[in-house]
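Undergrad: structure for the following, please:
(chains A and B, ligands or ions: 3)
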Amino acid sequence: MAHPLQLRAEVLGITAAGAYQQLLLHAPGVAARVRPGHFAALAVGGEDSSMLLRRAFWIHRADPAAETVSLVVAERGRGTRELLRSRVGGTVDLVAPLGTAFPQPAGPMTALFVAGGYGSAPLFALAEQIAAQGGAVGFILGATTAERLFGVETARALTPDVLVTTDDGSAGIKGLATLPLAEAVKAIGAQAVYSCGPAAMLRAVTEVATAEGARSFCAVEERMACGVGVCMTCVLPVVGEDGVSRFVRSCVDGPCFDGTRVRWDDIGTIPADVDGAAAMGVH
Amino acid sequence: MDAHDVDLTAPFGNGTLPNPVTTASGCAGYGRELARFQPLAELGSITTKTIMPYPRAGQPTPRLAETPSGMLNSIGLPGAGIEHFVEHELPWLAERGARVLVSIAGERVEEFAETAEALAGRPGVVGIEVNISFPNAANRGLVFGCNPATSYDVIAAVREVTDPALPVYAKLTPDVTSITEIAAACVRAGADGLSMINTLLGMAIDTTTMRPALAGGTGGLSGPAVRPVAVRCVYQVQAAMRAGTMPVVPILGMGGIRTGLDALEFVLAGASGIAVGTTVFNDPSAPLRVLTELRQALAERGFGKLTDAIGLAHQPHHNPQHQPQHQPHQGVQP
Ligand SMILES: Cc1cc2nc3c(=O)[nH]c(=O)nc-3n(C[C@H](O)[C@H](O)[C@H](O)COP(=O)(O)OP(=O)(O)OC[C@H]3O[C@@H](n4cnc5c(N)ncnc54)[C@H](O)[C@@H]3O)c2cc1C
Ligand SMILES: Cc1cc2nc3c(=O)[nH]c(=O)nc-3n(C[C@H](O)[C@H](O)[C@H](O)COP(=O)(O)O)c2cc1C
Ligand code: FES
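TA: Numbering: from 1, shown residues only, chains lettered A, B, ... in the order given. Ligands and ions are numbered 1, 2, ... in the order given. Sure, this is the predicted structure:
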């Protein structure tokens, strides 16, 4: 479990990045605790807000010296719309860092990073860390359209091995991020694939990566009410070390999982062999 | 009145707790996660997620939908079962000095009793909260707490196997014709206190998928949206006690409490304790914050002790002693 702080973070900047807005927050004490794959939960509006549930965002960058964290926010519904109305100089109620981060690589390694849309946000810090340790990295950045790509330039600054895919062909290869995946794993000799995006993508990435002999670490996005582990809304079926499947909280035991342990096809159901299924009348 | 001089000792069962604030069942897990935001021992007690006799998976996802000033949930009481709780969660809580109100449920009367028995002599437990808002497997899945007779049976069975010194609270559902009738049945069965309210049955339909928003179809509504319903329930039951139509026991009030003033509203309606539920999702530090704000609100109104405010709304005339000394939020005291 991460050791989060709760504080009113000052908004230092809001800058457009394609279809997204990048939020720079002053959050004393938070940045030093952040590991790649952690997330932040923001309250929407003030103390009387009618939107009670916190909104979760990947921590894109954490700068312990400047005491800042940055988030990449896509406008989706009323909560993100309200958050993006924040003014520079205003504050947001932040709880961070949260969740279980990606496993830290023990030494130099070769890793491929695969993202859907803003899913690249939590990946760059880890890629830079691996590169700094003398490892090699590659990227596949996918999105529905060109403006929904995030961080293509950042990736290119780090490695020549960057592939871009869009569903509509407005940038890079036309198709899903998993299309060039098998080739890319082979081409760079990836030992591990780190991915972040919709569950369907993570499932496909895990399948391909595993078939190519690479490990698969996935950062999932499940609906959350609290983000801190108390409400049990964010669960998904995961196979434990003991071989038993359990519903685990993606906000505490995740959002970063070993992709081979997540029962992707069973998300949204109660598999008969999950712990406690019998009590639900599922046999 | 200085806020620190307010005596917050709160009636609880036949005894007391150091202060009236607890967490609402299902909104604080088993406490571990919230301990990162406030020392659990500073709360009057901590109420656990409802625990069943055996492991239970819970409902499929999606399990939640946000609604105006509230939310719907269909979690389905997941958990690892009572044995896991007493071995792995309770000792951790006891070590931290937390006073634990353990919420329990079962599919049959005997299962409630079995779960309560497993708590006998366990350090840290200050009471048992019986969640009777649960379908009765032996009676076509009708909710125990919707009927005075089945409510009575469950409470009597738990009371029978529980140490007489340990308070048993009945947690009432508001989805009934007469909450006072169910409340009276529970107290006659031996309940030492009443927790109210549980969530209200509700539903939301996703207009994009054009299907129910929750995998479970319907769900429980909670949050500030239900607060007036909850205050009404507490007031009605307190009124019945005052009228002598049912025995007097302490009430643990909950439903949309977000601030100290919200908590005070429940106290004035007749609650001796208050639980913070859905608000925890918005603000994980809320239980301790609400306690601090309640203390301040009592001081501002000239109350030397919490017990002087309990049920005050039932008195026809204002006691001038309890007029606010100054308006809250208007700066420094003259
Ligand atoms: C671990 C995690 C990391 C995330 N990181 C980012 C990020 O870096 N950038 C970004 O733009 N978005 C991210 N999201 C998604 C973001 O939380 C949702 O877009 C946001 O909650 C939508 O809120 P809304 O009120 O605008 O939308 P609405 O659809 O109106 O929201 C209604 C309710 O559904 C929930 N909800 C809706 N969509 C999602 C979703 N995809 N995931 C979780 N809950 C959802 C909301 O929290 C809210 O409770 C992340 C989600 C999770 C769980
Ligand atoms: C996500 C969630 C889970 C809950 N789980 C339980 C539970 O396990 N047992 C129980 O008695 N009540 C449960 N409740 C009901 C609360 O304890 C409380 O009675 C109700 O939500 C009203 O208070 P609130 O508006 O402050 O949340 C749950 C409520 C929510 C929102
Ligand atoms: S979001 Fe509440 S437990 Fe994960």
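
Undergrad: quick one: contacts for the closest residue to residue A:245 other than its chain neighbours?
TA: Sequence neighbours aside, residue A:274 is the residue nearest to residue A:245 in space, at 4.5 Å (criterion: Cβ to Cβ, 6 or more residues apart in numbering or on different chains). Heads up, the C-betas are built off the backbone N, CA and C, glycines and all. For residue A:274, the contacting residues are A:237, A:245-247, A:266, B:57, by Cβ atoms under 8 Å, 6 or more residues apart in numbering or on different chains.

Undergrad: domain assignment for chain A?
TA: Domain assignment for chain A, taken from automatic domain parsing, gives A:5-98, A:110-221, A:223-283.

Undergrad: so where is the stretch 201-334 of chain B shaky, pLDDT-wise?
TA: Across the stretch 201-334 of chain B, the ranges flagged by pLDDT under 70 are B:318-334.

Undergrad: mind listing the helices for it?
TA: Under the criterion DSSP state H, counting those that start in this stretch, helices of the stretch 201-334 of chain B are mapped to B:227-242, B:260-269, B:279-282, B:286-300.

Undergrad: so which of those is the most surrounded?
TA: helix B:279-282 (a mean of 26; mean count of other Cβ atoms under 10 Å in any protein chain shown).

Undergrad: which residue does the stretch 101-250 of chain B have closest to ligand 3?
TA: Relative to ligand 3, the nearest point of the stretch 101-250 of chain B is residue B:222 (13.8 Å; Cβ to the nearest ligand atom).

Undergrad: next step: the contacts of residue A:274 restricted to strands.
TA: A:237, A:245-247 (DSSP state E).

Undergrad: show me which pair in these is furthest apart.
TA: A:245 and A:247 (8.3 Å; Cβ to Cβ).

Undergrad: overlap in contacts, those two.
TA: Shared contacts of residue A:245 and residue A:247, counting by Cβ under 8 Å, 6+ apart, come down to A:237-238, A:274-275.

Undergrad: count of neighbours near the residue in the stretch 201-334 of chain B positioned nearest to ligand 2?
TA: Closest contact between the stretch 201-334 of chain B and ligand 2, by Cβ to the nearest ligand atom, is at residue B:277 (2.4 Å). Per other Cβ atoms under 10 Å in any protein chain shown, the neighbour tally for residue B:277 reads 26.

Undergrad: ok, now residue A:51?
TA: There are 20 residues near residue A:51, going by other Cβ under 10 Å.

Undergrad: surely it is in contact with residue A:44?
TA: Yes - contact criterion Cβ atoms under 8 Å: residue A:51 and residue A:44 qualify, at 4.3 Å.

Undergrad: okay, and the common contacts of the two?
TA: Joint contacts of residue A:51 and residue A:44 (Cβ under 8 Å, 6+ apart) are A:79, A:82.

Undergrad: burial check on residue 73, number of neighbours?
TA: Using chain A here. Residue A:73 has 23 nearby residues by other Cβ under 10 Å.

Undergrad: other chain: chain B
TA: 26.

Undergrad: so who does it touch?
TA: So residue B:73 contacts A:225, A:231, A:233, B:26, B:63-64, B:199, B:214, B:219-220, B:222 (Cβ under 8 Å, 6+ apart).

Undergrad: near ligand 2, which of those residues show up?
TA: By Cβ under 6 Å from any ligand atom, the members of the contacts of residue B:73 lying near ligand 2 are A:231, B:26, B:199, B:220, B:222.

Undergrad: so which of those residues wins on neighbours?
TA: Within those, residue B:222 tops the neighbour count with 30 neighbours, counted by other Cβ under 10 Å.

Undergrad: need the contact list for it.
TA: Residue B:222 neighbours (Cβ under 8 Å, 6+ apart): B:70-71, B:73, B:199-200, B:255-256, B:277-278.

Undergrad: do that again at 6 Å, thanks
TA: When contacts are counted by Cβ atoms under 6 Å, 6 or more residues apart in numbering or on different chains, residue B:222 is found next to B:70, B:199, B:277-278.

Undergrad: strands of the stretch 151-283 of chain A, start to end?
TA: A:162-166, A:173-174, A:192-196, A:215-219, A:235-239, A:245-249, A:256-258 (DSSP state E, counting those that start in this stretch).

Undergrad: is ligand 3 within reach of the fifth one?
TA: No - with Cβ under 6 Å from any ligand atom as the criterion, ligand 3 is not reached by strand A:235-239; the gap is at least 7.4 Å.

Undergrad: which outside residues touch that strand?
TA: A:222, A:245, A:247-250, A:261-263, A:266-267, A:271, A:274.

Undergrad: same check on the shortest one?
TA: Strand A:173-174 is touched from outside by residue A:165, with contacts defined as Cβ under 6 Å, 6+ apart.

Undergrad: quickly run through the sheet partners of it, with directions.
TA: strand A:162-166 (parallel) (DSSP bridges).

Undergrad: contact partners of the strand it pairs with?
TA: Defining contact as Cβ under 6 Å, 6+ apart, one finds that strand A:162-166 is touched by A:139-143, A:145-146, A:155-156, A:171-173, A:175, A:177, A:180.

Undergrad: hang on, the earlier thing: tell me which of the strands of the stretch 151-283 of chain A sits most buried.
TA: Among the strands of the stretch 151-283 of chain A, strand A:192-196 has the highest mean neighbour count (mean count of other Cβ under 10 Å), at a mean of 27.

Undergrad: ok, now which ones touch the residue of the stretch 201-334 of chain B found nearest ligand 3?
TA: Nearest residue of the stretch 201-334 of chain B to ligand 3 (Cβ to the nearest ligand atom) works out as residue B:281 at 6.9 Å. For residue B:281, the contacting residues are A:53, A:225-226, A:231, by Cβ under 6 Å, 6+ apart.

Undergrad: in the contacts of residue B:222, find the pair that's most separated.
TA: B:70 and B:277 (10.6 Å).

Undergrad: return the nearest residue of chain B with respect to ligand 1.
TA: For chain B, Cβ to the nearest ligand atom, closest residue to ligand 1: residue B:66, 4.2 Å.

Undergrad: check which helix or strand that residue maps to.
TA: Assigned by DSSP states H and E, residue B:66 belongs to strand B:64-67.

Undergrad: does ligand 1 have contacts with whichever helix or strand comes after that strand?
TA: As assigned by DSSP H and E, the chain's next helix or strand after strand B:64-67 is strand B:70-73. No - on the criterion Cβ under 6 Å from any ligand atom, strand B:70-73 is out of touch with ligand 1, staying 7.9 Å away.

Undergrad: export stretch B:238-251 to PDB, keeping only CA atoms.
TA: Listed next in PDB are the C-alpha coordinates belonging to stretch B:238-251 (Å, rounded to 0.1, in the frame of the first residue of the first chain):
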ATOM      1  CA  GLN B 238     -36.700   9.000  19.300                       C
ATOM      2  CA  ALA B 239     -40.300  10.300  19.400                       C
ATOM      3  CA  ALA B 240     -41.700   6.800  19.900                       C
ATOM      4  CA  MET B 241     -39.200   6.300  22.800                       C
ATOM      5  CA  ARG B 242     -40.200   9.600  24.400                       C
ATOM      6  CA  ALA B 243     -43.900   8.700  24.000                       C
ATOM      7  CA  GLY B 244     -43.300   5.500  25.800                       C
ATOM      8  CA  THR B 245     -44.400   3.200  23.000                       C
ATOM      9  CA  MET B 246     -41.100   1.400  22.900                       C
ATOM     10  CA  PRO B 247     -38.200   0.900  25.300                       C
ATOM     11  CA  VAL B 248     -35.400   3.600  25.300                       C
ATOM     12  CA  VAL B 249     -32.000   2.700  23.800                       C
ATOM     13  CA  PRO B 250     -29.300   4.900  22.200                       C
ATOM     14  CA  ILE B 251     -29.500   5.600  18.500                       C
END
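
Undergrad: gap between that stretch and the chain center?
TA: 18 Å (Cα atoms, centre = their mean, to the nearest Å).

Undergrad: got the contact list for that stretch?
TA: B:11, B:180, B:184, B:187, B:192-194, B:234, B:270-272, B:311, B:314.
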